[in-house]
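**Q** Based on what follows, work out the 3D shape:
(2 chains)
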Number of protein chains: 2
Amino acid sequence: MATSSQSEGGATFSAERYFATQPPPASLEHDVARVKEFVQRQLKEGRKVVLVTSGGTTVPLELNVVRFLDNFSAGTRGSTSAEYFLKAGYAVIFMHRQFSLQPFSRHYSHSTHPFLDFLDFDPSEDPSEASHIVVRPSERTQLVEVLTTYKAVQRAGTLLTLTFVTVNDYLWLLRAVSQEMSLLGRSCLYYLAAAVSDFFLPRQKMSEHKIQSGKGSLHIEMDQVPKILKPLVQEWTREGYIVSFKLETDPDLLIPKARQALARYGHQVVIGNDLHRRKFEVVFVSPKPKVSAGASAEDYEESWLRIDLAQNPQKEIEEDIVAELVKRHQQWIEAAGTQSALTAR
Amino acid sequence: MATSSQSEGGATFSAERYFATQPPPASLEHDVARVKEFVQRQLKEGRKVVLVTSGGTTVPLELNVVRFLDNFSAGTRGSTSAEYFLKAGYAVIFMHRQFSLQPFSRHYSHSTHPFLDFLDFDPSEDPSEASHIVVRPSERTQLVEVLTTYKAVQRAGTLLTLTFVTVNDYLWLLRAVSQEMSLLGRSCLYYLAAAVSDFFLPRQKMSEHKIQSGKGSLHIEMDQVPKILKPLVQEWTREGYIVSFKLETDPDLLIPKARQALARYGHQVVIGNDLHRRKFEVVFVSPKPKVSAGASAEDYEESWLRIDLAQNPQKEIEEDIVAELVKRHQQWIEAAGTQSALTAR
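**A** So this is what the prediction gives:
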């Protein structure tokens, strides 16, 4: 096939080889220090912590980046879910793609709901008086609600925001954050909603300058990004409750691919969503509770979650996704107690 | 070379073949109707009109878009320039990449200057009173200025915003807008600041579903986007004053490539900028005024424009770029008068 395709010949990087050959982002140390302080404080204050990853990653094709490969994601799922986790009492590490949506400010997208449109000069006052900017009546109720929660979260110090752009930033940051979060034992949840590239161009193969458009066509050959869930589950954070996402456009692939991921990495939940139905339908795929130690690991169960947007257009499916996960995470924490109790006998 | 590279074998589409084989975006008709109405109104009210294109274009790799190739551009140049054109009395058609920066709201990026951070509840009032959201004193002066200009522009009806995402959206829209603008004769200016992909994947070659990450690496072979400046200058808008941009990372290529573009397309100005110096330095490359009809078309002149950000960190180079272009555009309009006068003799 002459167009987008894969060959069997490309390099697959193990996570170990990846981190040994690709350079860390410049901001990593600074970010890790912030995460360390944040995790310590939540530990002291007894809060559960969720890492929410959100937005797409880029794959730069040039060292002086002009062109890059990108994954589709505005960051709606992640930013919306982060708000509901905060409301549920979690501390949230919100690790997002630069310029993707963020909790709270997401309600005021510059494209669809620009805030300049709902500010007015108070007509009852002297217009030269700079202080008399007012919020239009129709917008007040929502803004008061958003602003109240936003300020409460700031006061409580329960939201830490980290930023990535490239898939390389993302991988280094995820490893570092998960290692810090492992201190929390079962009290930490991973909500990996970012759309991460499967492919990357190793630094060693990148062109220094902008690729010139000559007479011909552009060929790009990229290597596979290491399957990062594997070391995450098996090494970096062995007690965390891990939720990954599968986005597909072919509905027939959704459940098989979700099961495959669970079989391969051994984590707790895959949330499957179809590109065109993701605002009102997702499926939770998870291993069946083991009846005995001998139960087959191949046994998975699906649980569909749907909302009716025709009936309730304001409803956000993330509210129900988060409620379900908070419940499952609590069971996971309590199961550890049972296990320790059993072990202690 | 095994990685990003070009071959001589790829297909090059003429503009004609491009539009004959690639489908128009669904919103095109609606957008064209808005442009038609806007141009007619500005013509009646005697305003000059500038088309500002801004932000990067995407190249989808799949029909159900998950992955795409993107060009780097936040839209700073375009959105900032659009504001200065409005201040200079132009009507502006702002054709921008979805979610890239826009005039006015650009001052309040959610990442660097989030507006929720400068709203407060008035401490002197009953906090349950929804109306008492106030702007922090430190932010008032700027917000009053931005809001005043924003509202004046809305009242005057001098800003029309159009949105594109893919390079295909961009090409169709540019053709249609320029055909409508050609009615304005020499009173229209083209400020083509968008970062447009040089490559695309023809619809006929796209994969329907998300490309699955198998064991191998990803190969992408793309075709060249037609050189759209050619029909723009020679067919669609023969009297418009056309400014294109060249962004390079290798400073040695900047002027040769700018001259090459002028020689190839025959338009008025190329503004060259280096990726790392573009906030404080650009170069205007243009044909030398012809002394006689026999002057060589190969004669170009450069005029550098630099600002001192150390001395004046608030200064925006776009203010000076726009001032220079307004002057040149006026000369262009007046030159037509001279020409007609000469012809009339």
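
**Q** use CA for all of it now, contacts and neighbours both
**A** OK.

**Q** so where do the strands sit in the stretch 51-200 of chain A?
**A** With DSSP state E, counting those that start in this stretch as the definition, the stretch 51-200 of chain A shows strands at residue ranges A:58-60, A:67-71, A:91-97, A:119-121, A:133-135, A:159-164, A:188-192, A:199-200.

**Q** got the contact list for the first one?
**A** So that's strand A:58-60. Applying CA atoms under 8 Å, 6 or more residues apart in numbering or on different chains, the contact partners of strand A:58-60 are A:66-71, A:165-167, A:197, A:199-201.

**Q** Can you tell me which of those residues lies closest to B:T148?
**A** Distances from the contacts of strand A:58-60 to B:T148 were compared by CA to CA; the smallest belongs to A:V165, at 34.6 Å.

**Q** So what pairs up with the closest residue to the closest one other than its chain neighbours in the strands?
**A** With CA to CA, 6 or more residues apart in numbering or on different chains as the criterion, A:V165 has its nearest non-adjacent residue at 5.3 Å, and that residue is A:R97. Residues found in beta-bridge contact with A:R97 (criterion: DSSP bridges) are A:F164.

**Q** any idea of the mean pLDDT for stretch A:174-193?
**A** When pLDDT is averaged over stretch A:174-193, the result is 97.

**Q** How far does that stretch stretch from one end to the other?
**A** The first and final residues of stretch A:174-193 sit 12 Å from each other (CA to CA, to the nearest Å).

**Q** so who does A:I255 touch?
**A** When contacts are counted by CA under 8 Å, 6+ apart, A:I255 is found next to A:272, A:285.

**Q** just to revisit the earlier point, what about the residue nearest to A:V165, how many neighbours?
**A** Using other CA atoms under 10 Å in any protein chain shown as the criterion, A:R97 is surrounded by 27 other residues.

**Q** now A:E334
**A** Residues within reach of A:E334, counting by other CA under 10 Å, total 13.

**Q** Now it, what are its backbone angles?
**A** According to degrees, to the nearest 10, the main-chain angles of A:E334 amount to phi -70, psi -30.

**Q** gap between the residue nearest the centre of chain A and A:F94?
**A** Against the mean C-alpha coordinate of chain A, by CA atoms, centre = their mean, the closest residue is A:T53 at 2.1 Å. Summarising the geometry, the distance separating A:T53 from A:F94, computed by CA to CA, is 6 Å.

**Q** Over to A:V196?
**A** Looking at A:V196 against A:F94, where the rule is CA to CA, the gap reads 15 Å.

**Q** Which stretches in the stretch 151-300 of chain A count as helices?
**A** Along the stretch 151-300 of chain A, the segments classed as helices by DSSP state H, counting those that start in this stretch run A:167-181, A:229-231, A:251-265.

**Q** Could you list every helix and strand that the second one packs against?
**A** Put plainly, it is helix A:229-231. Contacts defined by 3 or more CA pairs under 8 Å, 6 or more residues apart in numbering or on different chains; DSSP states H and E place helix A:229-231 against helix A:251-265.

**Q** Quick check: buried residues in the helix it packs on?
**A** By neighbour count with 16 or more other CA atoms under 10 Å in any protein chain shown, helix A:251-265 contains the buried residues A:254-255, A:257-259, A:261-263, A:265.

**Q** Switch those residues over to a markdown table; also include distance to A:R77 and pLDDT.
**A** Formatted as a markdown table, the buried residues of helix A:251-265 follow (distance: CA to CA, whole Å; pLDDT from 0 to 100):
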| residue | distance to A:R77 | pLDDT |
| --- | --- | --- |
| A:L254 | 18 | 92 |
| A:I255 | 20 | 93 |
| A:K257 | 20 | 93 |
| A:A258 | 18 | 95 |
| A:R259 | 21 | 94 |
| A:A261 | 20 | 94 |
| A:L262 | 21 | 94 |
| A:A263 | 25 | 92 |
| A:Y265 | 23 | 94 |
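
**Q** tell me the two of those residues that are most distant?
**A** Spanning the widest gap among the buried residues of helix A:251-265 are A:L254 and A:Y265, at 16.8 Å by CA to CA.

**Q** Can you check what pLDDT the model gives A:S105?
**A** At A:S105 the predicted local confidence, pLDDT, stands at 93.

**Q** is it true that it touches B:P114?
**A** Yes - with contact taken as CA atoms under 8 Å, A:S105 and B:P114 are classed as touching, separated by 7.4 Å.

**Q** pretty sure A:G240 is in contact with A:S187, am I right?
**A** Yes - contact between A:G240 and A:S187 holds when scored by CA under 8 Å: they sit 7.0 Å apart.

**Q** Who has more neighbours out of the two?
**A** In this comparison of A:G240 against A:S187, neighbours counted by other CA under 10 Å, the higher total goes to A:G240 at 27 against 22.

**Q** Please report how far the more buried one lies from B:T148.
**A** From A:G240 to B:T148 the distance is 51 Å (CA to CA).

**Q** Quick one: residues contacting A:E301.
**A** With CA under 8 Å, 6+ apart as the criterion, the residues that contact A:E301 are A:285-288.

**Q** tell me which element it falls in.
**A** In this structure, A:E301 is located in strand A:300-306 according to DSSP states H and E.
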